[in-house]
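K.L.:
The following comprises the amino acid sequence and a computationally predicted model.
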Amino acid sequence: MSMTYLIDASIFIFRAWFSVPDSMTCPKDHPVNAVFGYARFLSDFLESVQPDSVAAAFDESLSSSFRSEIYPPYKANRDPAPAELKRQFAQCRAVTRLLGVRECSNRRFEADDLIGTLAHRGREAGHCITILSRDKDLLQVLQVGDVMWDFAGDKRIGHDDVPDVFGVRADQMVDFLALAGDSVDNIPGVPGVGAKTAGALLRHFDTLDELYLNLGSVANVNVRGASTLGAKLEAHREQAHLCRELTRIRCDVPMPDADQAPVRQEPDLDGLNALYDAAGFGTGLRRQAQRIAEAY
């Protein structure tokens, strides 16, 4: 079966931003560390895997996400990206296009939603999905045959591996995060319900909806504080369902050409060389781009 690779670009840009020294600057003295690290990651991936179908999803603005509209504190705990990093994000998007990879973004929907939508469309075309990320939110997108791959760390979690890692199935991750919350995204979850309790509840009731239809049976679940847990869940019923709207990845984002497989294109070597000239990069990435083009 064919494979479509979907890249959660921000993960790899931020990793480069923090791991490559910001003393790496262009001739105009702007940092280019994130661009260099991201370009190296993407080039390594393309050279080693040579995918036929691949796309990279970028976040445009967290404050304009539909999630921020329904819950203003969503991701409000994060500091705004520095101006130098924003500039490098734009350069990373250009690198993506010039290396022949479809890049996509949307002001109202996040990269996760774009990945979810492209995964859904890819499966309709008969493809399995590999998501290049390490974000546990995206595990809910996985179906049988799919994989999440942290390329930089060379760690893979297949659809069937999720229960061993998180104690719940991939399709239960949206309800798991709704109950336990996610401090990274400033999603509160249900107070008093941590990961261990959320997993036990979902193993017993299967879904958030079934849990709330059977609150009277929560006392029978083998977790600490089970006798008072039902009352806590009832008191935060509305919040739990709101959190599920925040944690659920959309798979129906209106996207140009979403119904077409993201076929990899031939790298634009002239464009890449011009970008690398402006960034002050040496010969390594250029030679790698040449090899990618020759193997295309």
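P.N.:
Received it, and whenever you're ready, just let me know what you need. Numbering: from 1, shown residues only.
K.L.:
quick one: contacts for residue 262?
P.N.:
Residue 262 is in contact with 4, 53, 54, 55, 101, 102, 118, counting by Cβ atoms under 8 Å, 6 or more residues apart in numbering. In this view, the C-beta of every residue, glycine as well, is placed from N, C-alpha and C.
K.L.:
Next one: the residue nearest to the second one when sequence neighbours are not counted from residue 119, what distance?
P.N.:
Yep, that's residue 53 we're talking about. Leaving aside its sequence neighbours, residue 53 sits nearest to residue 4 (Cβ to Cβ, 6 or more residues apart in numbering; 4.2 Å). Separation of residue 4 from residue 119 (Cβ to Cβ, to the nearest Å) stands at 7 Å.
K.L.:
just to revisit the earlier point, where does the residue nearest to residue 53 fall, helix, sheet strand or coil?
P.N.:
Following DSSP: H, G, I helix; E, B strand; the rest coil, residue 4 is assigned to strand.
K.L.:
check contacts around it.
P.N.:
51, 53-55, 118-119, 122, 127-130, 261-262.
K.L.:
Give me the contact list for stretch 180-197.
P.N.:
Contact partners of stretch 180-197, identified using Cβ under 8 Å, 6+ apart, comprise 71, 73-78, 137, 166-167, 176-179, 198, 201, 223-225, 229, 232-233, 236, 239-240, 243, 246-247.
K.L.:
Mind doing that once more with 6 Å?
P.N.:
Contact partners of stretch 180-197, identified using Cβ atoms under 6 Å, 6 or more residues apart in numbering, comprise 73-77, 179, 198, 223, 232, 236, 240, 243, 246.
K.L.:
farthest-separated two in these?
P.N.:
Spatially, the most separated pair among those is 76 and 223, at 30.6 Å (Cβ to Cβ).
K.L.:
which one of the two has more residues nearby?
P.N.:
residue 223 (17 against 12; other Cβ atoms under 10 Å).
K.L.:
Would you map out the domains in this structure?
P.N.:
3-165+254-284, 168-247 (automatic domain parsing).
K.L.:
Now mean pLDDT too, for those, in a markdown table please.
P.N.:
What follows is these, written out as a markdown table (pLDDT from 0 to 100):
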| stretch | mean pLDDT |
| --- | --- |
| domain 3-165+254-284 | 94 |
| domain 168-247 | 95 |
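K.L.:
and residue 148, what element?
P.N.:
Counting by DSSP states H and E, the element that carries residue 148 is strand 147-150.
K.L.:
Check the offset of stretch 159-171 from the chain's centre.
P.N.:
Distance of stretch 159-171 from the chain centroid (Cα atoms, centre = their mean, to the nearest Å) equals 17 Å.
K.L.:
ok, and for that stretch, which residues are buried?
P.N.:
159, 162, 166, 167, 168, 169, 170, 171 (16 or more other Cβ atoms under 10 Å).
K.L.:
how about the second one, what does it touch?
P.N.:
Spelled out, it's residue 162. 139, 170.
K.L.:
now the helices: where do they sit in the stretch 51-200 of the chain?
P.N.:
66-70, 83-98, 111-124, 162-166, 173-180, 195-205 (DSSP state H, counting those that start in this stretch).
K.L.:
most neighbours per residue, which of those helices?
P.N.:
Highest mean neighbour count among those (mean count of other Cβ atoms under 10 Å): helix 173-180, with a mean of 25.
K.L.:
returning to what we had before: which two of the buried residues of stretch 159-171 have the greatest separation?
P.N.:
So, these by Cβ to Cβ: farthest apart are 159 and 167, at 15.0 Å.
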